[in-house]
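A.B. asks: generate a structure from the sequence data that follows.
(one chain, ligands or ions: 1)
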Amino acid sequence: MNNIQLDNQGRLKHFLGIGGLKRSLLIDILDTAASLINVPEKSVKKVPLLRGKTVVNLFFEPSTRTRTTFELAAKRLSADVLNFNIDTSSSSKGENLIDMLHNLQAMHCDMFIVRHGAGGAAYFMAQHVAPDISIINAGDGQHAHPTQAMLDMYTIRQNKGDFAPLRVAIVGDIRHSRVARSDIQALTILGVSQVRVVGPKTLIPKGVEELGVKVFHDLKAGLKEVDVVIMLRLQRERMLRGAFLPSAYEYFQYYGLTKEVLKVTHPDAIVMHPGPINRGVEIDSNVADGPYSVILQQVSNGIAIRMAVMAMTLGAVSEKKDAN
Ligand code: CP
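C.D. replies: A predicted model of the protein is given here:
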């Protein structure tokens, strides 16, 4: 991706994907989020960084965590928020995406948060909006989910400190996962010791090794001595062609994360999942609700990360200059 997401000074203008961003910028996002993490715990849960700005949530696909945490994040930055309802919009009358965008733009909005089933949709919109508007990708097809990756990195740093010594395994449906792609990019840029992907051959994309990951098809081998386990659900809505699995029951026997399987990881390993979780398919309830699970921490951290990205893209906080 050419870096349409940076302005002439190298500052974040849009947030469309992790690929091509510098380590220093990712660290800046994490540090900015750290400075905002306590805002939701104050008696007045607001800071005035985006006062007078208007943020539009444009979700063409379902979402629980991302849409609500973007809305909360915008409100905690004192922005006005418009939750655009696609189902009752004029898109059903044949209005195309660009016309819709130009009409919303004419209402003097400042930022669009976009989730779309088509990979590249957020990038396409960033190419067509007015120069003073920012686009944030809230998940586009199988392509990218950059704020999920950054809240995952925040949660890893919060629990483990330094990225350098870590071995991280991403388990499950790597093939259809925008989270896996964005996490692999972020972990690699942040310099972890090893990224592994674990899953059946049908759910590991060809050529994934070129991203710098080690591939495992056996769950226990892939999890041996790792510090971080990121579980992914089976993304059945994207399995449109071909049979990828015999059954959910059989998948759990081979790739389900149980307390027994967790014994092979580092004793202090954390268990993550972007959600929604499918209990008894990729993860056992004892693990999802157990002492090593940081799944709900991820959700909480999503608010601060989204506050940081919104404030940075609209130039409401200064970014540190660093050549790394
Ligand atoms: N992790 C994530 O993107 O969840 P939602 O689909 O609920 O937003």
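
A.B. asks: care to break the chain down by domain?
C.D. replies: Residue ranges for the domains of the chain, per automatic domain parsing: 2-143+301-313, 146-299.

A.B. asks: which parts of the stretch 51-200 of the chain sit against the ligand?
C.D. replies: Residues of the stretch 51-200 of the chain lying close to the ligand (CB under 6 Å from any ligand atom) are 63-66, 139, 148. Using the backbone N, CA and C atoms, a C-beta is placed for each residue, glycine as well.

A.B. asks: let's see that with 5 Å instead.
C.D. replies: By CB under 5 Å from any ligand atom, the residues of the stretch 51-200 of the chain that approach the ligand are 63-66.

A.B. asks: what about burial for these, which qualify?
C.D. replies: Among those, those buried by neighbour count (16 or more other CB atoms under 10 Å) are 63, 66.

A.B. asks: ok, which pair from the residues of the stretch 51-200 of the chain next to the ligand is furthest apart?
C.D. replies: For those, the maximum inter-member distance is 7.7 Å, found between Thr64 and Thr66 (CB to CB).

A.B. asks: you'd agree Ala144 is up against His14?
C.D. replies: No: at 12.0 Å, Ala144 does not count as touching His14 under the criterion of CB atoms under 8 Å.

A.B. asks: give the residues shared as contacts by these two.
C.D. replies: 122, 137 (CB atoms under 8 Å, 6 or more residues apart in numbering).

A.B. asks: find the residue closest to Thr69 in space, skipping its chain neighbours.
C.D. replies: Excluding the flanking residues, the one nearest Thr69 by CB to CB, 6 or more residues apart in numbering is Gly302, at 4.2 Å.

A.B. asks: for the one you found, the count of nearby residues, please.
C.D. replies: Other residues near Gly302 number 27, with proximity taken as other CB atoms under 10 Å.

A.B. asks: can I assume it sits in a helix?
C.D. replies: Yes: assignment of Gly302 by DSSP: H, G, I helix; E, B strand; the rest coil places it within a helix.

A.B. asks: contacts only, for it.
C.D. replies: So Gly302 contacts 65-66, 69, 73, 147-148, 151 (CB under 8 Å, 6+ apart).

A.B. asks: from Tyr255, how far off is it?
C.D. replies: 26 Å (CB to CB, to the nearest Å).

A.B. asks: Arg306 is in contact with Met312, correct?
C.D. replies: No: using CB under 8 Å as the test, Met312 is too far from Arg306 to be in contact (10.8 Å).

A.B. asks: of the two, who's got more company?
C.D. replies: A count of neighbours by other CB under 10 Å puts Arg306 above the other of Met312 and Arg306, at 28 against 23.

A.B. asks: okay, the more buried one and the ligand: tell me how far apart.
C.D. replies: 11 Å (CB to the nearest ligand atom, to the nearest Å).

A.B. asks: please name the nearest non-neighbouring residue to that residue.
C.D. replies: Once flanking residues are discounted, Arg306 sits nearest to Ala73: 3.7 Å by CB to CB, 6+ apart.

A.B. asks: which stretches of the stretch 101-250 of the chain form strands?
C.D. replies: 111-116, 134-140, 167-171, 194-198, 214-216, 228-231 (DSSP state E, counting those that start in this stretch).

A.B. asks: residue at max distance from the center of this structure?
C.D. replies: Computed with CA atoms, centre = their mean, the residue of the chain farthest from its C-alpha average is Lys93, at 31.7 Å.

A.B. asks: next up, phi/psi of that one, please.
C.D. replies: Main-chain torsions, Lys93, degrees, to the nearest 10: phi -100, psi 10.

A.B. asks: neighbours around Val261, how many?
C.D. replies: 17.

A.B. asks: my bad, should have said Tyr255
C.D. replies: Neighbour tally, Tyr255, other CB under 10 Å: 26.

A.B. asks: just grab the bridge partners of Met231 for me.
C.D. replies: Val171 (DSSP bridges).

A.B. asks: give me the pLDDT value at it.
C.D. replies: Per-residue pLDDT puts Met231 at 98.

A.B. asks: please apply the same query to Asp110.
C.D. replies: At Asp110, pLDDT is 97.

A.B. asks: same deal with Asn324?
C.D. replies: Reading off the model, Asn324 has pLDDT 51.

A.B. asks: repeat that for Lys42.
C.D. replies: Confidence at Lys42, expressed as pLDDT, is 89.

A.B. asks: can you get me a residue count around it?
C.D. replies: 10.

A.B. asks: so what does it have for phi and psi?
C.D. replies: phi -80, psi 160.

A.B. asks: what of Gly199?
C.D. replies: Torsion angles, degrees, to the nearest 10, at Gly199: phi 170, psi 170.

A.B. asks: so how far is the ligand from it?
C.D. replies: For Gly199, the distance to the ligand - CB to the nearest ligand atom - is 18 Å.

A.B. asks: so that residue touches Tyr255, yeah?
C.D. replies: Yes: using CB under 8 Å, Gly199 is in contact with Tyr255, at 6.4 Å.
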